[in-house]
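Peer 1: generate coordinates for the sequence data below:
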Amino acid sequence: MARREVLVQLDDNLVDQLDRLAKASGTNRSELLRRGARAVIAAEEAAAADRELAEAYRRLPPDGALVRSAARLAARTAPEW
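Peer 2: Take a look at the predicted model:
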């Protein structure tokens, strides 16, 4: 995949922390920033999916009988810790 250079301004403390982490991880600052960007995007996608699911339940609440049945099944099949 092609890459594009992007200018990002960070304070000295953050750069130092990234450099220490990169060295300890055997990678480089750019790779850490790529991982961080992917993590932020994944977290936002998960949050959006959660919001969509919550909105769907507001529009059409689950059937009470189905919820009670699922709870009984979970109670019977859950491992005893």
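
Peer 1: could you give the backbone dihedrals for the residue nearest to the spatial centre of the chain?
Peer 2: Per C-alpha atoms, centre = their mean, the C-alpha nearest to the average position across the chain is that of A43, at 3.2 Å. Main-chain torsions, A43, degrees, to the nearest 10: phi -60, psi -40.

Peer 1: now do the helices in this structure.
Peer 2: For the chain, the helices defined by DSSP state H occupy 12-25, 29-59, 64-77.

Peer 1: and the residue nearest to the centre of the chain, what's its pLDDT?
Peer 2: On pLDDT, A43 comes in at 97.

Peer 1: the one 5 residues further on too?
Peer 2: A48 is assigned a predicted lDDT (pLDDT) of 97.

Peer 1: residues near it, how many?
Peer 2: Using other C-beta atoms under 10 Å, A48 is surrounded by 10 other residues. C-beta here means a position set from N, CA and C on the backbone, and glycine is covered the same way.

Peer 1: for I41, see how far away it is.
Peer 2: 11 Å (C-beta to C-beta, to the nearest Å).

Peer 1: please apply the same query to L53.
Peer 2: Taking C-beta to C-beta, one finds L53 at 19 Å from I41.

Peer 1: what about L18, neighbour count?
Peer 2: 17.

Peer 1: wait, it touches L33, no?
Peer 2: Yes: L18 is in contact with L33 according to C-beta atoms under 8 Å; the separation is 7.3 Å.

Peer 1: please consider this matter closed, and thank you.
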